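Peer 1: Generate a structure from the sequence data that follows.
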Amino acid sequence: MALILPVEDKHPAFGNNCFLAPNATVVGDVVMGDDCSIWFNAVVRGDVNFIRIGNRVNIQDGACIHATYQKCGTTIGNNVSIGHHAIVHGCTLHDNVLIGMGAIVMDQAVVHSNTIIAAGAVVLENTICEPGSIYAGVPAKKVKDISQELINGEINRIAGNYIRYADWFRDQV
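Peer 2: So this is what the prediction gives:
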């Protein structure tokens, strides 16, 4: 069973049809929408500030979602995939975003809709990522506009796949 803890009377809240892996951790002021999944060893820490998560969001193995005390919470839109071992910290991710494996998105950055942050990229504090773009590198820079084919073939496909993957495990936990 996932570790779910309140912090100062703030309890995590989950929408319908969510899956939490047995060793996922969710604490504090976390509100999650429908059809979301938090995978093995992922941590969602709403202890020092709020975390708001839309619908159809998957937080993959080893990812960490956190915020900054008295400074900035974290907001994640709908249809977002956060790759294995990514860090999303005190920032805003709009709808239809893919955060690649091992990427870092830092405080007060904004990733607009239909955007991919490449694996291993570091989106620095206060960076604004344009909608419909791919960002890569350290620090992350726009490398190209995203095609509708990539939006459907990567962003939507991965989000949809993780709903299916959660169904595989749901009856086992």
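Peer 1: Give me the buried stretch members for the longest helix along the chain, please.
Peer 2: The longest helix of the chain (DSSP state H) is helix 157-170. Neighbour counts over helix 157-170 (16 or more other Cβ atoms under 10 Å) mark 158-159, 162-163, 166 as buried. For every residue, glycine as well, the C-beta is placed using N, CA and C.
Peer 1: So in the chain, which strand runs the longest?
Peer 2: strand 43-53 (DSSP state E).
Peer 1: which parts of that one are buried?
Peer 2: For strand 43-53, burial by neighbour count (16+ other Cβ under 10 Å) applies to 43-49, 51-53.
Peer 1: which residues does residue 122 bridge with?
Peer 2: residue 104 (DSSP bridges).
Peer 1: pLDDT on stretch 104-123, on average?
Peer 2: For stretch 104-123, the mean per-residue pLDDT is 98.
Peer 1: cool, stretch 26-43 as well?
Peer 2: For stretch 26-43, mean pLDDT is 98.
Peer 1: End to end on that stretch, go ahead and measure it.
Peer 2: 6 Å (Cα to Cα, to the nearest Å).
Peer 1: And for stretch 139-147?
Peer 2: 23 Å.
Peer 1: Helix or strand, whichever it is, which one in this protein has the lowest mean pLDDT?
Peer 2: Least confident helix or strand of the chain, by mean pLDDT, DSSP states H and E, is helix 148-150 with a mean of 88.
Peer 1: Nice, that's everything, thank you.
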